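Asker: Sharing a sequence plus its predicted fold:
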Amino acid sequence: MKDPNNPCLFCNPNISGIAHENDLAYASYDSYPVSDHHCLIMPKRHVKDYFDLSNEELIACNDLIKIVKEEVINKDNNVKAFNIGANIGKISGQSIMHCHIHLIPRREGDVENPQGGVRSVIPSKQHYLRKKK
């Protein structure tokens, strides 16, 4: 199995694929999608994680997130929501050490109980009861 970090897969947009791009970032549809139209948004500059992005790169990535969101909604009227997330470090599940932000389209009924959303990275914490005031 080829190591996606040596050389870095995301440092070569022509290999990973470009759905959209701007001067500082590009978007590529995920090779292992969680759902149809799952997209990755990443800086063109090799940086390890989200916290290493410059303010300009953050804006460039955010601009692409919004473009891809609109594109996905126009392609698939079953998409009703999104999750946005980034794995930062191996312990969080980051496997390619080049910053990338996941934009995951969600559809009604795609999971039995979506409560907690991104909290499901720790399954025992996903579902919770609200405290009464």
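Answerer: That came through, no problem.
Asker: Specify the local secondary structure of the residue nearest to the spatial centre of the chain.
Answerer: The C-alpha lying nearest the average C-alpha coordinate of the chain belongs to His102 (C-alpha atoms, centre = their mean; 0.3 Å). Following DSSP: H, G, I helix; E, B strand; the rest coil, His102 is assigned to strand.
Asker: Identify the residue spatially nearest to it, adjacent ones excluded.
Answerer: With C-beta to C-beta, 6 or more residues apart in numbering as the criterion, His102 has its nearest non-adjacent residue at 5.2 Å, and that residue is Gly85. From N, CA and C alone the C-beta is placed, and that goes for glycine too.
Asker: swap in His46?
Answerer: With C-beta to C-beta, 6+ apart, the residue lying closest to His46 is Cys11, at 5.1 Å.
Asker: Correct me if wrong: His37 contacts Asn78.
Answerer: No: taking C-beta atoms under 8 Å as the definition, His37 is not a contact partner of Asn78, at 10.2 Å.
Asker: Of the two, which one has the most company?
Answerer: Here His37 and Asn78 are compared on neighbour count by other C-beta atoms under 10 Å; more neighbours surround His37, at 20 against 13.
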